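Novice: sequence plus the predicted model coming up.
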Amino acid sequence: MKKKAIIISGNLAQDHEFIYPYYRLLEEGFEIDVCINEGKKVKGILGTDLPPNKDQEVKKIEDVSTSDYNLLIIPGGVKAMEKVRQNLNIISFISKFHNENKVIGCICSGTQLLISSKIVKGKNISGYYSMKDDIINAGANYVDEKAVIDEKIVTTAHYKDMGPWMKAVLEVFYNN
């Protein structure tokens, strides 16, 4: 099975939520592309270079296709996501990726992108605690667990649960 992932994020993303899945997927043998809203390397909210690997190319959403990937990771970081969700090409990519029945792993404030992509209605979804009302208002059932799986969407609320969350993301990936 081809193992190719894309991580979509932006400037001031939550460093941990980008770095942990990035290296976990590399460890698992995935080829990874990074799509940054700004189209270039950025800094995380804590000052880490994103992507952390200096050799990692950064792509623009206009230069990628959903057909090239079978796993999407959306890290959080409220300051990043409030801007990333305004990029309609990214929102369209996420919606199309979901409609192609591919696995999406999303953490914390990244859930804003799932909401804007209109793919959460009727699903069990987690996200940062302050987003509970937004998730419910989008028609989803807010669930506060370490890893919330609904079909091929795997979410969690906080980086303290990244281990169980990424374990669940990979289990869903390998079992589908």
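Specialist: Thanks, I have the structure now. Numbers count the residues shown, from 1 in each chain.
Novice: can you pull up the most central residue in the protein?
Specialist: Central residue of the chain (Cα atoms, centre = their mean): I74, 1.1 Å from the mean position.
Novice: now do the contacts for it.
Specialist: Residues in contact with I74, defined by Cβ atoms under 8 Å, 6 or more residues apart in numbering, are 7-9, 94, 104-107, 110, 113-114. All C-beta spots, glycine's among them, are computed from the backbone N, C-alpha and C.
Novice: out of the residues you listed, which is nearest to V34?
Specialist: For the contacts of I74, the closest approach to V34 (Cβ to Cβ) belongs to I7, at 5.2 Å.
Novice: what pairs with that closest one across the strands?
Specialist: Beta bridges link I7 to V34, I73, judged by DSSP bridges.
Novice: I'd say it and I32 touch.
Specialist: Yes. Counting by Cβ atoms under 8 Å, a contact exists between I7 and I32, whose distance comes to 6.5 Å.
Novice: tell me the residues that contact both of these two, please.
Specialist: Common neighbours of I7 and I32, counting by Cβ under 8 Å, 6+ apart, are Y22.
Novice: where do the strands of the protein begin and end?
Specialist: Along the chain, the stretches classed as strands by DSSP state E are 4-9, 31-36, 42-43, 49-50, 58-59, 71-74, 103-107, 124-125, 141-142, 148-150, 153-156.
Novice: the first one versus strand 31-36: what angle between them?
Specialist: When axes from the mean of the first three to the mean of the last three Cα atoms, to 10 degrees is applied, the directions of strand 4-9 and strand 31-36 differ by 20 degrees.
Novice: how about residues contacting strand 4-9?
Specialist: Outside of strand 4-9, the residues that reach it under the criterion Cβ under 8 Å, 6+ apart are 18, 21-22, 25, 30-37, 42, 50-51, 61, 64, 68-75, 77, 80, 84, 90, 93-94, 113.
Novice: so how far is A5 from the residue nearest to the centre of the chain?
Specialist: For I74, the distance to A5 (Cβ to Cβ, to the nearest Å) stands at 11 Å.
Novice: what's the answer for V103, then?
Specialist: 9 Å.
Novice: and stretch 38-47, which residues are buried?
Specialist: The neighbour-count criterion (16 or more other Cβ atoms under 10 Å) identifies 41-42, 44-45 as the buried residues of stretch 38-47.
Novice: thinking again about what came up before, which residues are in contact with both of V103 and A5?
Specialist: Residues within reach of V103 and of A5 at once, by Cβ under 8 Å, 6+ apart, are 70-72.
Novice: in a markdown table, list the residues you listed along with pLDDT, distance to K167 and neighbour count.
Specialist: Formatted as a markdown table, the shared contacts of V103 and A5 follow (pLDDT from 0 to 100; distance: Cβ to Cβ, whole Å; neighbours: other Cβ atoms under 10 Å):
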| residue | pLDDT | distance to K167 | neighbour count |
| --- | --- | --- | --- |
| N70 | 96 | 18 | 19 |
| L71 | 98 | 14 | 24 |
| L72 | 98 | 17 | 24 |
